[in-house]
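Q: Give me a model of this one.
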Amino acid sequence: MRVIAGRARGRQIACPKGKSTRPTSDRVRESLFAIVGERVGNSRVLDLFAGSGSLGIEALSRGAELCVFVDRDRRACRVITDNLRTLDMQHQAVVVCADAIGIIGQARGAVSERAPYNLVFADPPYALEIAEPLLSRIDTSRLLAGDGLLVVEHTLHAEWPIRVGGLEQARQERYGDSMISFYHFAVEG
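A: Sure thing, here's the model as predicted:
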């Protein structure tokens, strides 16, 4: 896997070994960042279920100011840390080895201290059916900035709601058996 654009363009990213990590393909990352566009520059990014860290690393390469990576797998956390060090991005990043759903609800800690985030990426394991809890916790936790964007990668076969609390689905894109759902806070009125 490689970084697609920005200052680390073309550089390789390592992936955790085994089947527990399903990295976002280069094609999907390229499309996702084409949609996200200018939002990345100088943004604060949260990469949940980070795996190899490819989404957050891509954001840092494209000009994000900070990225907090969260994954509960210790091997994945080591790989992310190594990738950041190799790409000289460690000073713009924090790696948190914890359960993503659990950490979202915490009032204190590395994730909440750096909030609000302009971009939140979530790429949970497809076998987990966590749409409602994930969206609900992000909605109520104040992690996402008012004009922020939540980007969720999920299986085509999972039902992700149109709206949970103040979060509303703004767009969906299909890539093979994967879907990318984009959420933002609904504008009332």
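
Q: And the contacts of the helix or strand encompassing residue 31?
A: Residue 31 is located in helix 26-36, with elements delineated by DSSP states H and E. The contact list for helix 26-36 (Cβ atoms under 8 Å, 6 or more residues apart in numbering) reads 1-2, 4-5, 24, 40, 54-55, 58-59, 62, 119, 149, 151, 153, 171, 173, 175, 178, 180, 182. Yep, even glycine has a C-beta here, placed from its N, CA and C like the rest.

Q: Quick check: pLDDT value at residue 23.
A: With respect to pLDDT, residue 23 scores 69.

Q: So for the longest strand seen in the chain, what gets flagged as buried?
A: As assigned by DSSP state E, the longest strand anywhere in the chain is strand 144-155. For strand 144-155, the neighbour count (16 or more other Cβ atoms under 10 Å) marks 144, 145, 148, 149, 150, 151, 152, 153, 154 as buried.

Q: quick one: average pLDDT of that strand?
A: 93.

Q: Could you identify the helix or strand that succeeds it?
A: Assigned by DSSP H and E, the successor of strand 144-155 is strand 163-164.

Q: what's the spacing between that following strand and its chain's center?
A: 19 Å (Cα atoms, centre = their mean, to the nearest Å).

Q: list the helices and strands it packs on?
A: helix 131-141 (3 or more Cβ pairs under 8 Å, 6 or more residues apart in numbering; DSSP states H and E).
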